[in-house]
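K.L.:
Take this sequence and fold it.
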Amino acid sequence: MNERSCKGARRGAVARRAMVATSQPLAVQVGIDVLKAGGHAVDAAIAVNAMLGLVEPMSCGLGGDVFAIVWDAAAKSLYGLNGSGRSPRRMTRSAFAARKLERIPLYGPLTWTVPGCVDGWFALHGRFGRISMADLLAPAVRHAKDGFELTPVIARMWSQAADRLNADPGARNTFLFDGRPPAAGDRVSNPELASSLQAIIDSGPEAFYQGPIADGIVRCAKERGGFMTHDDLAAHRTTWVEPVSCSYRGFDVWELPPSTQGIAALETLAILDGFTLRPLGHNTVATIHRSIEAKKLAYEDRARFYADPEFAPVPLAKLLSPEHAAKQRECIDLQRAATSIPPDLFPRSDTVYLTVVDEQRNAVSFIQSIYHGFGSGIVPPGLGFAMQNRGNLFHLDPHHPNTLEPGKRPFHTIIPAMVTQDGRPVFSFGVMGGDMQPQGHVQILINLLDFGMDPQAAGEALRWRHDGSSTPVGDVMVDGGTVYLEPGFPPAIVAGLQALGHRVEIRDGGYGGYQGIRIDWDTGELVGGSEPRKDGCAIGY
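P.N.:
Now for the predicted structure:
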């Protein structure tokens, strides 16, 4: 990981003892305080996530799910955590048929799956924690009562959901002020969230899954015609999983297996590992074309196979095999864009990502989300947080592996990642943004490993995004989709991609948000990056 700067990019934050990177500065500082008090990287991650649920509530919170990859320095091992929830037992295909619905709605109580965040926190803390949960959640409780200053990017995201928040009494009372969303610089508090967090401090996860918070969730579901019951919440369990990997440029890249989409990044990288990108140049037509075509092939597998492995067999070994990557690579026409691809079924969403490395070099890659902005758009009265809408990602086609079934985890978009070399972590990172996430992982690693950028430059570099379009024929899309480029790409790149048959549009926004920390074992330095597309930063000491 030699460092060649990206023109115009800032250098990443540098420290030797410990570091935190996430999308909001106050949350970063909370994590630093935990580390200085002797906390494990996981302790800091929990405290940071609790604070993000307060300061960035459209993206994450107690009503959502969590995934993590943890490097335990003492055991010299990686651990994966799937903290996503399952569908309610009464949430069946026949229930939607009875409502004459051919698709699961995007918003509302019919989209609720059990939130896994709180149990995920306690599972992580039970294995790695050093500092009490009361101390970890205390900063979020204090700021929820006393208030915090709203940052600009988060304020803009908050304002975009104003109509949806107005439509739900609980959301309106919690997240609108005199009927309006707060503006950047406003001081915002959430005393109801403080009460929910305090209940969790006092009674542990039982407060959420069996106690007063569960009562509020079930009461709201019943009043709004949803499916969630006390039994659904009480039955929830977090799952420890084995991370999976591929080799890229001599490094091992680690993701979580389905029900997440992490292996889409691995499949794309495995295909690209057979191309030599550096001589082609950074963000050139040739490099972008190869990357897009590899993405299309990986996402074809995603559409066909990714689902909850407890309900549908996912051929992991085949999908991640070198033989499969080689066959996929042979399908790429270097002179022409492919025009037959499956639909992109998973739209962009709001998510938070954070990463922490502590003094012992324990590292955590941690991602948490309520899916769309303010999730389902429903806030159970008195609880201070929105419920996620992950159930929208289920299919109602009984033959699809991700078909809706009771007690099943939906296909999940949020993915943490980590890179190791010679059995040690060298880079912990993630990219927010639904369908963009695997594409973002690939671009960050190309910037870092092929073109020698440091973690800050790798995040600031211009990005592309490929989306399937809307001309379905049978089960596939037949026009190749659209390539979106961030403003700043030269006209020659647009023309070159168009000459290869890509439909290209310049569009601002929708390219995710990234944080990462690189561990340099030779110098002892930590180098962090946090891109300017979000409000956050990387801070170390």
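
K.L.:
Now the lengthiest helix in the chain: buried residues?
P.N.:
Here the longest helix in the chain is taken by residue count, with DSSP state H as the criterion, and it is helix 285-305. Across helix 285-305, burial judged by 16 or more other Cβ atoms under 10 Å covers 285, 287-303, 305. Using the backbone N, CA and C atoms, a C-beta is placed for each residue, glycine as well.

K.L.:
Kindly report the same for stretch 397-416.
P.N.:
In terms of neighbour count (16+ other Cβ under 10 Å), stretch 397-416 has its buried residues at 400-405, 408-416.

K.L.:
gap between the two ends of that stretch?
P.N.:
With Cα to Cα, to the nearest Å as the measure, stretch 397-416 spans 29 Å from end to end.

K.L.:
And for stretch 304-318?
P.N.:
Across stretch 304-318, the straight-line distance between its terminal residues is 13 Å, by Cα to Cα.

K.L.:
Just give me the neighbour total for Lys76.
P.N.:
When counting by other Cβ atoms under 10 Å, one arrives at 10 neighbours for Lys76.

K.L.:
got a list of what it touches?
P.N.:
The neighbourhood of Lys76, defined by Cβ atoms under 8 Å, 6 or more residues apart in numbering, consists of 423-424.

K.L.:
what separates the nearest residue to Ser84 once chain neighbours are set aside from Asp397, distance-wise?
P.N.:
With Cβ to Cβ, 6 or more residues apart in numbering as the measure, Asp65 is the residue that lies nearest to Ser84, at 4.0 Å, once sequence neighbours are left out. Relative to Asp397, Asp65 is positioned 23 Å away (criterion: Cβ to Cβ, to the nearest Å).

K.L.:
Run a quick neighbour tally on Glu330.
P.N.:
For Glu330, the count of nearby residues is 9 (other Cβ under 10 Å).

K.L.:
er, Lys327 actually
P.N.:
Using other Cβ under 10 Å: Lys327 sits among 12 other residues.

K.L.:
repeat for Val20
P.N.:
Counted by other Cβ under 10 Å, the residues lying close to Val20 total 35.

K.L.:
Make sure it is indeed in a helix.
P.N.:
No. Using DSSP: H, G, I helix; E, B strand; the rest coil, the assignment for Val20 is strand, not a helix.

K.L.:
where along the stretch 151-300 of the chain do the strands fall?
P.N.:
In the stretch 151-300 of the chain, the strands defined using DSSP state E, counting those that start in this stretch lie at 187-188, 239-241, 244-248, 251-255.

K.L.:
Would you point out which residue is most central in the protein?
P.N.:
In the chain, the C-alpha closest to the average C-alpha coordinate belongs to Ile414, at a distance of 3.2 Å (Cα atoms, centre = their mean).

K.L.:
Would you quantify the distance from it to Glu56?
P.N.:
When distances are taken as Cβ to Cβ, Ile414 and Glu56 turn out to be 14 Å apart.

K.L.:
circling back: what residues are up against the residue nearest to the centre of the chain?
P.N.:
Neighbouring residues of Ile414 by Cβ under 8 Å, 6+ apart: 65, 67, 260, 351, 367-369, 432, 437.

K.L.:
So which of those sit within helices?
P.N.:
Applying DSSP H to those, the entries found in helices are Gln437.

K.L.:
Below-threshold pLDDT in this protein: ranges please.
P.N.:
For the chain, applying pLDDT under 70 flags the ranges 1-9, 341-350, 469-479.

K.L.:
how close does the residue nearest to the centre of the chain sit to Pro438?
P.N.:
Distance from Ile414 to Pro438, counting by Cβ to Cβ: 11 Å.

K.L.:
Also Arg99?
P.N.:
With distances taken as Cβ to Cβ, Arg99 is found 33 Å from Pro438.

K.L.:
more crowded one of these two?
P.N.:
For Arg99 against Pro438, the residue with the higher neighbour count under other Cβ under 10 Å is Pro438, and the figures read 27 against 10.

K.L.:
Go ahead and confirm that one touches Leu256.
P.N.:
No. At 11.9 Å, Pro438 and Leu256 do not qualify as touching, with contact defined as Cβ atoms under 8 Å.

K.L.:
Tell me the residues that contact both of the two, please.
P.N.:
Any residue near both Pro438 and Leu256 by Cβ under 8 Å, 6+ apart counts here, and that gives 262, 415.

K.L.:
Contact partners for Ile200?
P.N.:
Listed by Cβ under 8 Å, 6+ apart, the contact partners of Ile200 are 62, 118, 133, 137, 207-208, 213.

K.L.:
on that earlier part again, secondary structure element for the residue nearest to the centre of the chain?
P.N.:
Taking DSSP states H and E as the criterion, Ile414 maps to no regular element, lying outside all helices and strands.

K.L.:
Dihedrals phi and psi, it?
P.N.:
Dihedral pair for Ile414: phi -80, psi 130, per degrees, to the nearest 10.

K.L.:
again, but for the one 5 residues further on
P.N.:
Backbone geometry at Val419, expressed as degrees, to the nearest 10, gives phi -120, psi 130.

K.L.:
for Tyr353, same thing?
P.N.:
phi -120, psi 150.

K.L.:
for Gly375, same thing?
P.N.:
Dihedral angles phi and psi of Gly375 (degrees, to the nearest 10) take the values phi 60, psi -120.

K.L.:
Tell me how far it lies from Met58.
P.N.:
Taking Cβ to Cβ as the measure, Gly375 falls 8 Å from Met58.

K.L.:
what touches both of those two?
P.N.:
Contact criterion Cβ under 8 Å, 6+ apart; residues shared by Gly375 and Met58: Ala386.

K.L.:
if you count what's nearby, which of these two comes out ahead?
P.N.:
Neighbour count, other Cβ under 10 Å: between Gly375 and Met58, Gly375 has more, with 33 against 23.

K.L.:
check contacts around the more buried one.
P.N.:
Under the contact definition (Cβ under 8 Å, 6+ apart), the residues listed for Gly375 are 63-64, 386-389.

K.L.:
ok, for Ile493, nearest residue in space, not its chain neighbours?
P.N.:
What sits nearest to Ile493 in space, not counting adjacent residues and going by Cβ to Cβ, 6+ apart, is Val285, at 5.9 Å.

K.L.:
thought the one you found was touching Pro490?
P.N.:
No. Val285 is not in contact with Pro490 according to Cβ under 8 Å; the separation is 10.2 Å.
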